[in-house]
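**Student:** after the sequence you'll find the predicted model.
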Amino acid sequence: MSARQPKPKNPQREIEALRQSLRRHDNRYYVLADPEISDGQYDALLKRLQELERAHPECIAADSPTQRVGGGAATDFSPVRHAALMLSLDNTYSPEEAREWDARIRKALGKKRWSYIVEAKIDGVSCSLTYEKGVLKLGATRGDGATGEDITPNIRTIPSIPLKLLSDSPPDLFDVRGEVYMSRKDFAALNARQKQENLPPFVNPRNAAAGALRQKDSRVTAQRPLRFFAHSFGRIEGHRKTIASHLKFIEACGRWGLPTNPVFRRLPNVEEVVRFYEKMEGEIRRLDFEADGLVVKVNEFDLQKALGTTSKSPRWAIALKYQAQQATTRLRGVAFSVGRTGTITPVAELEPVFCGGVTISSASLHNFDEIRRLDIRLGDRVVVERAGEVIPKVVKVVASVRSGKETPVSAPELCPSCSAKVVKEVEEEVAHRCLNPGCPAQLKRRVLHFGSRAAADIEGLGESAVDQLIDKKLISDISGLYALNSEKLLDLDLFAQKKAANLLAAIEKSKRLPLHRLLFGLGIRHLGEKLARILAAHFGNLRALQDAGEPLLSGIAEVGPVIAASVVRYFSQKSNADMLKKIEIAGVNFTEPAALLPPGSLHAGKTFVFTGELEGFSRREAEDAARALGARTASSVSKKTSFVVAGKEPGSKADKARRLGVPVLSEKDFLAIIKSQK
């Protein structure tokens with residue numbers, strides 16, 4: 001316990017008071033988006049609670065705010081039988097279909113009076129939460145609607161899900177249903193981190209959320225920005241009589257600390273529903289979460305019961321979707337592209353179709369597990385969607401119109417670029433790979449990556465230049481770049497005297513870059529910019545890293561066994577060792593300058609974020625200067641940020657920093673810090 005804190009007379013009473021306070025502040029921050037205290041004040045309360053619980057372990061409880069993420073206990077995904085079926089919704093796509101559904105409701109209910117509740121149809125992952133006496137006991141996936149899987153440790157990591165309901169008299173049992181999702185902003189930031197760490201991007205927010213919920217280590221799930229909306233319940237004991245409608249249910253969720261959909265309307269009739277549907281068509285894709293339509297429900301629970309359900313869907317609710325971003329066409333074929341690490345990616349070749357303002361002739365199929373999930377066959381009629389209004393993808397098959405002549409899509413046995421054997425290295429992994437290091441398609445992408453701005457920064461080494469260099473067999477690996485000369489380049493169609501000279505000068509300049517840039521440029525699987533910096537700083541030179549085994553690499557905090565194995569595997573391949581020897585002979589730097597991480601810096605461990613246009617630095621130069629102080633850099637502002645350096649037109653990062661109490665420095669202030677360290 002901190003020496004500054006007096007010994008409590010009644011630790012249990014103070015612990016419970018702190019828990020109640022933190023739960024209330026969690027609700028205001030994550031659910032209401034209206035915090036009452038600063039992050040620093042919140043952290044102080046949490047730290048005090050942690051100190052008290054360490055001093056009095058007998059007082060620790062599962063619903064304490066300190067217990068969101070445990071010690072990495074494995075999630076076993078054992079089956080869970082739902083208290084009531086988790087049904088799916090019937091889809092409609094037009095006001096006419098909505099009116100037809102309303103006519104069936106009127107026919108069934110006769111002269112009874114009812115209203116409709118309309119909510120945005122969030123594209124998330126369905127799950128159920130079970131609270132007993134207000135305490136979260138179970139989180140489960142939807143599964144087949146009757147039986148799901150236990151994902152409780154992962155559910156507990158989601159900040160917007162209360163571990164204990166905010167009520168002195170909660171229901172004895174509450175089985176609440178909802179959607180786990182990622183906001184558009186959080187998803188974009190997550191994929192930016194994936195790219196920075198040289199990891200594959202996630203397909204869409206829903207798939208990213210689904211993958212996070214199926215992690216066996218809850219600490220991994222805790223690192224993903226998951227959120228939750230409650231939208232219904234399966235069973236409630238203790239308050240059932242006072243919750244007689246969906247509106248009353250939503251109000252109860254708000255009182256108990258459960259987040260609900262911000263797009264929510266109670267409307268008197270179907271014509272008002274249609275008007276709201278038409279109004280939201282232009283707004284639905286500007287929401288902070290993925291949504292493809294609205295959900296319309298009969299508000300009164302007694303009338304829902306009277307209407308009943310079919311075998312899979314409630315008769316009292318529909319999904320009213322928008323059509324603008326989807327179109328149906330025929331799958332002509334599947335092409336296979338090869339990435340720089342050998343990953344084979346299937347791409348749908350389509351009969352051209354107009355969708356969302358453009359004509360689409362190809363679309364992503366993501367991977368072969370997705371092909372199997374959708375049961376896609378050559379010749380199928382498929383539904384194409386423009387995700388985020390940009391990337392076309394195949395979302396489903398119209399199986400009802402199959403003729404029987406459609407044929408399954410299989411992963412290629414041979415690489416489409418080099419005809420080497422394609423393998424699936426690890427059974428649990430999605431990717432199929434070509435392992436031939438001499439594969440031309442892989443080589444082109446490796447060379448492009450090596451020459452990219454974040455790596456060797458070789459200006460003039462674009463796709464057309466790389467294609468010619470490899471097709472004309474002027475280079476067979478990265479080391480070939482350092483053997484080029486004017487005579488070789490001038491034989492190519494693209495190059496005149498000046499362009500050849502500029503490229504050779506850029507290649508020569510790349511020899512002097514620090515080790516971390518070289519490491520990132522090599523394209524070692526799973527090794528992104530951040531880890532390249534960490535390894536370069538840890539080992540100091542490439543030879544020491546090449547000699548390191550998996551145990552030594554795994555002992556570095558940020559490096560796990562998968563990354564360690566990948567690094568060792570890369571350096572153990574003879575073709576890579578030969579290539580590195582050639583570029584060393586060519587004079588490429590293999591060391592990390594000591595000045596990049598000086599010991600004893602006043603700013604070691606601090607985090608800088610840069611925003612706006614700086615006059616004296618490029619963004620990369622500014623970040624390198626911060627790292628030379630021993631500091632870290634980040635792309636987004638949080639309560640853990642030490643300084644934000646703001647140039648011209650800094651935008652929202654500076655505003656957020658001020659709200660969080662993070663110091664905002666001018667470029668002049670930053671220069672003064674640099675000079676003070678020299």
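**Tutor:** That came in fine, so what should we check first?
**Student:** and the residue lying farthest from the centre of the chain, which of the three is it?
**Tutor:** In the chain, residue 111 marks the outermost C-alpha relative to the chain mean, sitting 49.0 Å out by C-alpha atoms, centre = their mean. Going by DSSP: H, G, I helix; E, B strand; the rest coil, the secondary structure assigned to residue 111 is coil.
**Student:** next: the one 10 residues further on.
**Tutor:** Secondary structure of residue 121, reduced to three states by three-state DSSP: strand.
**Student:** next, count neighbours for it.
**Tutor:** Residue 121 has 24 neighbouring residues, counting by other C-beta atoms under 10 Å. (Each C-beta comes from the backbone N, C-alpha and C, glycine too.)
**Student:** so what's it scoring on pLDDT?
**Tutor:** Each residue has a pLDDT score; the one for residue 121 is 93.
**Student:** and for residue 293?
**Tutor:** On the pLDDT scale, residue 293 gets 90.
**Student:** buried sites along stretch 560-575?
**Tutor:** Along stretch 560-575, these residues count as buried under the neighbour rule (16 or more other C-beta atoms under 10 Å): 563, 564, 566, 567, 568, 570, 571.
**Student:** quick one: low-confidence ranges for the stretch 501-650 of the chain?
**Tutor:** 555, 557, 594-604 (pLDDT under 70).
**Student:** which stretches in the stretch 151-300 of the chain count as helices?
**Tutor:** If DSSP state H, counting those that start in this stretch is used as the criterion, the helices of the stretch 151-300 of the chain fall at 152-155, 184-196, 205-213, 218-222, 246-256, 270-280.
**Student:** for residue 453, which non-adjacent residue is spatially closest?
**Tutor:** Distances taken as C-beta to C-beta, 6 or more residues apart in numbering put residue 620 closest to residue 453, at 7.5 Å, once the chain neighbours are dropped.
**Student:** tell me, how many residues neighbour that neighbour?
**Tutor:** With neighbours defined by other C-beta under 10 Å, the count for residue 620 comes to 14.
**Student:** that one: helix or strand, and which one exactly?
**Tutor:** Residue 620 belongs to helix 619-628 when elements are defined using DSSP states H and E.
**Student:** for residue 369, same thing?
**Tutor:** Secondary structure from DSSP H and E places residue 369 in helix 368-374.
**Student:** centre of the chain to that helix, how far?
**Tutor:** For helix 368-374, the gap between its own C-alpha mean and the chain's C-alpha mean amounts to 20 Å (C-alpha atoms, centre = their mean, to the nearest Å).
**Student:** could you list every helix and strand in contact with it?
**Tutor:** Of the remaining helices and strands, those touching helix 368-374 by 3 or more C-beta pairs under 8 Å, 6 or more residues apart in numbering; DSSP states H and E are strand 391-397.
**Student:** downstream of the strand it packs on, the next helix or strand is which one?
**Tutor:** Using DSSP H and E, the first helix or strand after strand 391-397 is strand 407-408.
**Student:** which elements pack onto that following strand?
**Tutor:** In terms of contacts (3+ C-beta pairs under 8 Å, 6+ apart), strand 407-408 is packed against strand 377-378.
**Student:** right, and the helix or strand after the strand it packs on?
**Tutor:** Immediately after strand 377-378, counting by DSSP H and E, sits strand 381-387.
**Student:** only alpha carbons, please: show that following strand as CSV.
**Tutor:** Only the C-alpha atoms of strand 381-387 are listed here, as CSV (Å, rounded to 0.1, in the frame of the first residue of the first chain):
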residue,chain,number,x,y,z
ARG,A,381,-25.0,-16.1,-58.6
VAL,A,382,-23.4,-14.1,-55.8
VAL,A,383,-24.2,-10.9,-53.9
VAL,A,384,-21.5,-8.3,-54.0
GLU,A,385,-21.2,-5.5,-51.5
ARG,A,386,-19.1,-2.3,-51.5
ALA,A,387,-17.7,-2.4,-47.9
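**Student:** any chance you could list what contacts that strand?
**Tutor:** 204, 325-331, 348, 350, 353, 355-356, 358, 360, 363, 376, 392-398, 401 (C-beta atoms under 8 Å, 6 or more residues apart in numbering).
**Student:** swap the cut-off to 7 Å and go again
**Tutor:** For strand 381-387, the surrounding residues in contact (C-beta atoms under 7 Å, 6 or more residues apart in numbering) are 204, 325-331, 350, 353, 355-356, 360, 363, 376, 392-398, 401.
**Student:** partners of it, with directions?
**Tutor:** Sheet neighbours of strand 381-387, with direction, are listed as strand 326-338 (antiparallel), strand 391-397 (antiparallel) (DSSP bridges).
**Student:** what's around the residue lying closest to residue 215 once chain neighbours are set aside, how many residues?
**Tutor:** In space, not counting the residues next to it along the chain, residue 215 is nearest to residue 221; the distance is 4.7 Å by C-beta to C-beta, 6+ apart. A total of 24 residues lie near residue 221 under the criterion other C-beta under 10 Å.
**Student:** kindly report the same for residue 53.
**Tutor:** By the other C-beta under 10 Å criterion, the neighbourhood of residue 53 contains 20 residues.
**Student:** shouldn't it be in contact with residue 59?
**Tutor:** Yes - the pair residue 53 and residue 59 passes the contact test of C-beta atoms under 7 Å, sitting 6.2 Å apart.
**Student:** what is in contact with those two at once?
**Tutor:** Any residue near both residue 53 and residue 59 by C-beta under 7 Å, 6+ apart counts here, and that gives residue 15.
**Student:** output the below-cut-off pLDDT ranges for the stretch 251-400 of the chain.
**Tutor:** For the stretch 251-400 of the chain (pLDDT under 70), the answer is 311, 323-325, 356-357, 387-391.
**Student:** now the stretch 51-200 of the chain
**Tutor:** Low-confidence segments of the stretch 51-200 of the chain, defined by pLDDT under 70, span residues 68-76, 198-199.
**Student:** just the buried subset of the contacts of strand 381-387, please.
**Tutor:** Judged by 16+ other C-beta under 10 Å, buried ones among the contacts of strand 381-387: 204, 325-327, 329, 331, 350, 353, 355-356, 360, 363, 376, 392-397.
**Student:** in CSV: the buried residues of stretch 560-575, plus distance to residue 486 and secondary structure.
**Tutor:** Formatted as CSV, the buried residues of stretch 560-575 follow (distance: C-beta to C-beta, whole Å; DSSP: H, G, I helix; E, B strand; the rest coil):
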residue, distance to residue 486, secondary structure
563, 40, helix
564, 42, helix
566, 38, helix
567, 36, helix
568, 39, helix
570, 33, helix
571, 33, helix
